[in-house]
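Asker: Got a predicted structure plus its sequence, pasted below:
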Amino acid sequence: MTTVRRCTAALAVSAVLCVVFAPAAFAGGDVPPPASGSSPDPSPSPSASASAPSPVVKLPRGLYGEKDPTYDGVWRQSLALLGQAASGVRPANDAVRWLKKQRCANGGFAAFRADPAAPCDASTPIDSNSTAVAVQALSSLGDQRPFMTTSVAWLRSTQNKDGGWGYTPGAPSDANSTSLVIGALTSAGVRPTSMRVPQGDPDGKHAYDALVGLSIPCDAGSGADAGAFAYQPDQDGKLTANDDATAAAVLAGLGKRLVTAPVTAGAAPTCVPSTASRRPSPERAARNGAAYLAGALAATGHLDQPPLPGTSNSDAGDASAPTPDIGNTADAVVALTAAGYGDQATGALEWLKKNSGTWAQQQGPAAYAQLIFAAYATDTDPRNFGGIDLVERLNATGPTPRSVAPPEPRPGNAAESAIADGGAAVLLWVAGIGVVAALGTAFLLSRRKTRQP
């Protein structure tokens, strides 16, 4: 899953990224935010944003979080709404209104538009990540399908020839962006395999073609990277394991969204080599990715951050002590549990309970949401996550919600469908129809009996 860490992690490389992607901006794309490590996706890095103070800005009404929203406004707002939906919270009208006003008329979202009343034009920095995560958030609110349909149409219009998506229109496909879009399509009721390039070509490329193409085979020569996903190929076409991309791709390969309900745990995942003539299926590639994540978590119970370009994790201290990556660890817990390998995530979940509080407080609403996703996937109470009420802290970062449901016994996979298709109201509506139908049937039967001689 694309996460809260990627927006401001590498200020040193932001200028390079802007130059690389600038042509795409005129196709309705985005001048991407600074990227962390290997991924130019919109969410702040713990190491960077925790150490660098945010500029003083006047925050718009309805927005969650207190930091400059330039690079992650839509991202953190969307995750906040999803985190609330997973916790039984109805968000404030102001919060929903703020997100919807960020959308351009063509359906695309930029990371942040300071003046949403101004019409979008060719220079408006629209991107696939903001659009995809906004669609997933809106799907949790109910009665948003027409609004979402326009955004899905924009995503379709920016699909690459290989079937995937880059951060900006025209940018090479990457695992994170493609995975987020798959989640958005699923949330909107669109099969990812139905959206092909060229449009209408039954043999055209679709999102899973691009995603599986970024998976590292489970061959002996792949070493420790076997089964993982790369963010993108390097200049020589080589694929290198990326924890962030792998966690996102595992969810997407299984057809899951950012919020995924508990799945009964099964046997430990294994990395299964593919045949020489056939690539793995999306599900097989996802399960291979889960095997990689389980192995990466086994030693310490958490993932580690890769060094930023031109630095090393040892710059700030002991070379033998890598920096733990709390956000990606939370994502890995969600991915493993969604794949049915929750037993492999138990240690990481306990590590998060003990070590994520300060990080989430520093990072703000999107970080709290990530931890809520991990709690939701593992059937853990988000109101007592290592002694922290994640729901209360998330709600405190923005406008007061309309209502907060009391803790209830956790539902099964039906809850995930409810979040995707409009929330509990859909379930109540369906249940109501069933009750009415049952009463009507009973009434007709009783009438029939009374009329019998």
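Answerer: Nice, thanks for sending it over.

Asker: Distance from stretch 280-293 to the middle of the chain?
Answerer: 18 Å (Cα atoms, centre = their mean, to the nearest Å).

Asker: and that stretch, which residues are buried?
Answerer: 280, 282, 284-293 (16 or more other Cβ atoms under 10 Å). (Each C-beta comes from the backbone N, C-alpha and C, glycine too.)

Asker: Now intersect these with the helices, please.
Answerer: Mapping those onto helices (DSSP state H) picks out 282, 284-293.

Asker: Which one among the buried residues of stretch 280-293 sits at the bottom for pLDDT?
Answerer: Note: of the buried residues of stretch 280-293, the lowest pLDDT belongs to Pro280, at 93.

Asker: then the helix or strand where Ala366 lies to PDB, C-alphas only?
Answerer: Ala366 belongs to helix 365-377 when assigned by DSSP states H and E. Output of helix 365-377 as PDB, limited to C-alpha atoms (Å, rounded to 0.1, in the frame of the first residue of the first chain):
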ATOM      1  CA  PRO A 365      -3.700  11.500  10.700                       C
ATOM      2  CA  ALA A 366      -2.400   9.200   7.900                       C
ATOM      3  CA  ALA A 367      -0.200   7.400  10.400                       C
ATOM      4  CA  TYR A 368      -3.000   6.800  12.800                       C
ATOM      5  CA  ALA A 369      -5.000   5.500   9.900                       C
ATOM      6  CA  GLN A 370      -2.300   3.100   8.900                       C
ATOM      7  CA  LEU A 371      -2.200   1.600  12.300                       C
ATOM      8  CA  ILE A 372      -6.000   1.400  12.400                       C
ATOM      9  CA  PHE A 373      -5.800  -0.600   9.100                       C
ATOM     10  CA  ALA A 374      -3.400  -3.000  10.800                       C
ATOM     11  CA  ALA A 375      -5.700  -3.300  13.800                       C
ATOM     12  CA  TYR A 376      -8.800  -3.800  11.600                       C
ATOM     13  CA  ALA A 377      -7.100  -6.500   9.500                       C
END
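
Asker: Next secondary structure after it?
Answerer: helix 390-395.

Asker: where's that next one relative to the chain centroid, distance-wise?
Answerer: 19 Å.

Asker: Please point out which parts of it sit buried.
Answerer: For helix 390-395, a neighbour-count test (16+ other Cβ under 10 Å) marks 390-391, 393-395 as buried.

Asker: got any ranges where the stretch 251-400 of the chain has weak pLDDT?
Answerer: Applying pLDDT under 70 to the stretch 251-400 of the chain flags residues 276-277, 308-320.

Asker: tally of neighbours for Lys58?
Answerer: Using other Cβ atoms under 10 Å, Lys58 is surrounded by 5 other residues.

Asker: should've said Trp165
Answerer: 30.

Asker: cool, and Ala184?
Answerer: For Ala184, the count of nearby residues is 29 (other Cβ under 10 Å).

Asker: Quickly find the element holding it.
Answerer: Element membership for Ala184, per DSSP H and E: helix 175-187.

Asker: Could you name the helices and strands sitting against that helix?
Answerer: Here helix 175-187 touches helix 128-139, helix 145-157, helix 207-212, helix 243-253, going by 3 or more Cβ pairs under 8 Å, 6 or more residues apart in numbering; DSSP states H and E.

Asker: got JSON lines for those helices, with distance to Tyr376 and mean neighbour count too?
Answerer: Below are these laid out as JSON lines (distance: least, Cβ to Cβ, whole Å; neighbours: other Cβ atoms under 10 Å):
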{"stretch": "helix 128-139", "distance to Tyr376": "14", "mean neighbour count": "29"}
{"stretch": "helix 145-157", "distance to Tyr376": "22", "mean neighbour count": "17"}
{"stretch": "helix 207-212", "distance to Tyr376": "24", "mean neighbour count": "24"}
{"stretch": "helix 243-253", "distance to Tyr376": "13", "mean neighbour count": "31"}
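
Asker: possible to save the ones you listed as TSV with distance to Gly327?
Answerer: Listed next are those as TSV, based on distance: least, Cβ to Cβ, whole Å:
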stretch	distance to Gly327
helix 128-139	15
helix 145-157	24
helix 207-212	21
helix 243-253	8
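
Asker: Select, out of these, the one closest to Cys120.
Answerer: For Cys120, the closest of those is helix 145-157, at 10.7 Å, according to Cβ to Cβ.

Asker: Look at the nearest residue to Gly83 once chain neighbours are set aside and say how many residues are nearby.
Answerer: Of all residues not flanking Gly83 in the chain, Ala369 sits nearest, at 3.2 Å (Cβ to Cβ, 6 or more residues apart in numbering). Neighbour count for Ala369, taken as other Cβ under 10 Å: 33.

Asker: do the same with the one 3 residues further on
Answerer: For Ile372, the count of nearby residues is 30 (other Cβ under 10 Å).

Asker: And for Leu59?
Answerer: By other Cβ under 10 Å, 14 other residues sit near Leu59.

Asker: Which pLDDT value belongs to it?
Answerer: 86.

Asker: same thing with the one 4 residues further on?
Answerer: According to the predicted model, the pLDDT of Leu63 comes to 98.

Asker: For it, give me phi and psi.
Answerer: When quoted as degrees, to the nearest 10, the phi and psi of Leu63 stand at phi -80, psi 140.

Asker: Tell me how far it lies from Ser78.
Answerer: 12 Å (Cβ to Cβ, to the nearest Å).

Asker: ditto for Pro172
Answerer: Distance from Pro172 to Ser78, by Cβ to Cβ: 24 Å.

Asker: Between these two, which is the more surrounded one?
Answerer: Per other Cβ under 10 Å, whichever of Pro172 and Ser78 has more neighbours is Ser78, with 30 against 16.

Asker: so Ala137 makes contact with Leu79?
Answerer: Yes. Look at Ala137 against Leu79 with Cβ atoms under 8 Å: they come within range, at 7.5 Å.

Asker: where's Gly62 relative to Trp98, distance?
Answerer: Taking Cβ to Cβ as the measure, Gly62 falls 3 Å from Trp98.

Asker: The two: who's more crowded?
Answerer: Trp98 (22 against 18).

Asker: Does the more buried one touch Pro60 like I think?
Answerer: Yes. The pair Trp98 and Pro60 qualifies as a contact (Cβ under 8 Å) at a distance of 6.3 Å.
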